[in-house]
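**Q** Got a predicted structure plus its sequence, pasted below:
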Amino acid sequence: MNELSFPWENRPEQCSEPMWRYSANPIIGRYHIPCANSIFNSAVVPFNGGYAGVFRCDNRSVQMNIFAGFSKDGINWDIAHEPIKFKCGNTDFIHSDYKYDPRVTWIEDRYWITWCNGYNGPTIGIGYTFDFKDFFQCENAFLPFNRNGVLFPQKINGMYAMLSRPSDNGHTPFGDIYISYSPDMIFWGKHRVVMKPTPFEQSAWQCLKIGAGAVPMLTDDGWLLFYHGVIHTCNGYRYSLGTAILDKDDPSKVLYRSSPYLLAPAEMYEMTGDVPNVVFPCATLRDGNRVTLYYGAADTTVCIACGYIDEIIEWTKNNSL
């Protein structure tokens, strides 16, 4: 990948952390398109020499929907002013009361999109596109209630694989990460628990609930997963970011999992907004050993952070539960 086009900033001189925030955050403000109340928790991928993405844009009626966008450099984005209109994919049933928190990954011959889809409560919607112009919606993956559906970027033992977090119809004061498998992107089964929240006294930032964040990244050490964890404080929920390394062949096996958080709300744009104190990872871009993480800040804007993969893996191993 052309170094000049990769969204990246070198580590600040005084920084010793394995990840650091982009100095011009947020890269997408809440009013980036005319209808928006907020733009956050969005996913990007390399596309046609630049980047494409699917963005959560809540409008000024606070209706949740997803929009397509394009960028030459991964920082400056041209986002459509109208939400994605899906055609029928592997089903004629494409009901949706709302859509939010998308993830995107390339698998074999197309870009697959997952999101939290409204069908009698939140569940996991699935769709695909070849060009980010025409989009096709598929069967919902799971029964309500479920959130944080994140596909692996390749089949595992011949099956599609997805992480998710069974939930409820509210703010969900609980949540474990599960993995499920499908032969055809219609029927999902072989559900296995991957990780649970930690005891408060062991790692409090992730003691209430956890959820998969960005699409897992395959490394020599296993699948590197950026995930979010939540603690309930006297000031409400606080969302932070951690890492885990899952077994290459059986991702239900956790090899390492960070005890300290990697990023937590600290900057003003992460601590103030529609939902204060939120760092919510949704996507990564990789260039050799460099990784750029896209995350939602305070359910209001889109931000990025940078790091080196080998350093993040070493940090995860050295700080594992």
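**A** That came through fine. Numbers count the residues shown, from 1 in each chain.
**Q** ok, now which ones touch residue 286?
**A** Counting by Cβ atoms under 8 Å, 6 or more residues apart in numbering, residue 286 touches 217, 309. Any C-beta I mention is one placed from the backbone N, CA and C, and that applies to glycine too.
**Q** rerun at 10 Å
**A** For residue 286, the contacting residues are 1, 6, 46, 217-219, 224, 292, 309, taking Cβ atoms under 10 Å, 6 or more residues apart in numbering as the criterion.
**Q** which strand residues sit across from it in the sheet?
**A** Beta bridges link residue 286 to residue 291 when assigned by DSSP bridges.
**Q** what's the longest helix anywhere in the chain in contact with?
**A** Longest helix of the chain, by residue count under DSSP state H: helix 309-318. For helix 309-318, the surrounding residues in contact (Cβ under 10 Å, 6+ apart) are 11, 17-19, 217, 219-222, 224-226, 242-245, 255-260, 262, 284, 286-291, 293, 307-308.
**Q** Going by neighbour count, which residues in it are buried?
**A** Under the neighbour-count criterion of 16 or more other Cβ atoms under 10 Å, helix 309-318 has 309, 312-313, 315-316 buried.
**Q** any chance of those residues in JSON lines, plus pLDDT and distance to residue 99?
**A** As requested, those are arranged in JSON lines below (pLDDT from 0 to 100; distance: Cβ to Cβ, whole Å):
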{"residue": "309", "pLDDT": "98", "distance to residue 99": "31"}
{"residue": "312", "pLDDT": "98", "distance to residue 99": "30"}
{"residue": "313", "pLDDT": "98", "distance to residue 99": "33"}
{"residue": "315", "pLDDT": "98", "distance to residue 99": "34"}
{"residue": "316", "pLDDT": "98", "distance to residue 99": "32"}
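**Q** how about a markdown table for those, with distance to residue 25 added?
**A** Output for the buried residues of helix 309-318, formatted as a markdown table (distance: Cβ to Cβ, whole Å):
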| residue | distance to residue 25 |
| --- | --- |
| 309 | 21 |
| 312 | 19 |
| 313 | 24 |
| 315 | 21 |
| 316 | 23 |
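**Q** hmm, which two among the contacts of residue 286 are most spread apart?
**A** Within these, two members stand farthest from each other by Cβ to Cβ: 6 and 218, at 19.1 Å.
**Q** Compare the two and say which is more crowded by neighbours.
**A** When residue 6 and residue 218 are compared on other Cβ atoms under 10 Å, the one with more neighbours turns out to be residue 6, at 18 against 14.
**Q** nearest spatial neighbour of the more buried one, skipping sequence neighbours?
**A** For residue 6, ignoring the flanking residues on the chain, the nearest one in space by Cβ to Cβ, 6 or more residues apart in numbering is residue 287 at 4.6 Å.
**Q** so that neighbour sits right up against residue 8, yeah?
**A** Yes. Proximity of residue 287 to residue 8 meets the contact threshold set by Cβ atoms under 10 Å, at 7.3 Å.
**Q** Could you report the separation of residue 208 from residue 297?
**A** Taking Cβ to Cβ, to the nearest Å as the measure, residue 208 and residue 297 are separated by 20 Å.
**Q** Which of these two has more residues huddled nearby?
**A** A count of neighbours by other Cβ under 10 Å puts residue 297 above the other of residue 208 and residue 297, at 29 against 21.
**Q** Tell me the bridge partners for that one.
**A** residue 279, residue 301.
**Q** can you check residue 166 too?
**A** With DSSP bridges as the criterion, the beta-bridge partners of residue 166 are residue 146.
**Q** Around it, how many other residues sit close by?
**A** Other residues near residue 166 come to 19 when the count uses other Cβ under 10 Å.
**Q** For it, give me the pLDDT.
**A** Among the per-residue scores, residue 166 holds a pLDDT of 98.
**Q** and what of the one 3 residues further on?
**A** Each residue has a pLDDT score; the one for residue 169 is 94.
**Q** ok, the residue nearest to it when sequence neighbours are not counted to residue 146 distance?
**A** In space, residue 169 comes closest to residue 121 once its chain neighbours are excluded; the distance is 4.6 Å by Cβ to Cβ, 6+ apart. Distance, residue 121 to residue 146, by Cβ to Cβ: 9 Å.
**Q** can you list residues touching both of these two?
**A** Where contact means Cβ under 10 Å, 6+ apart, the residues bridging residue 121 and residue 146 through contact with each are 167-168.
**Q** Compare those two and say which is more crowded by neighbours.
**A** Neighbours were tallied for residue 121 and for residue 146 using other Cβ under 10 Å; the higher tally belongs to residue 146 (23 against 15).
**Q** wait, that one sits on residue 167?
**A** Yes. Between residue 146 and residue 167 there is a contact at 6.0 Å, judged by Cβ under 10 Å.
**Q** shared neighbours, those two?
**A** 116, 121-123, 175.
**Q** can you pull the contacts of the residue nearest the centre of the chain?
**A** Within the chain, one residue has its C-alpha closest to the average C-alpha position: by Cα atoms, centre = their mean, that is residue 282, at 2.0 Å. Shown here is residue 282, whose contacts under the criterion Cβ under 10 Å, 6+ apart are 40-44, 53-56, 101-104, 148, 150, 212-215, 226, 228, 293-296, 302.
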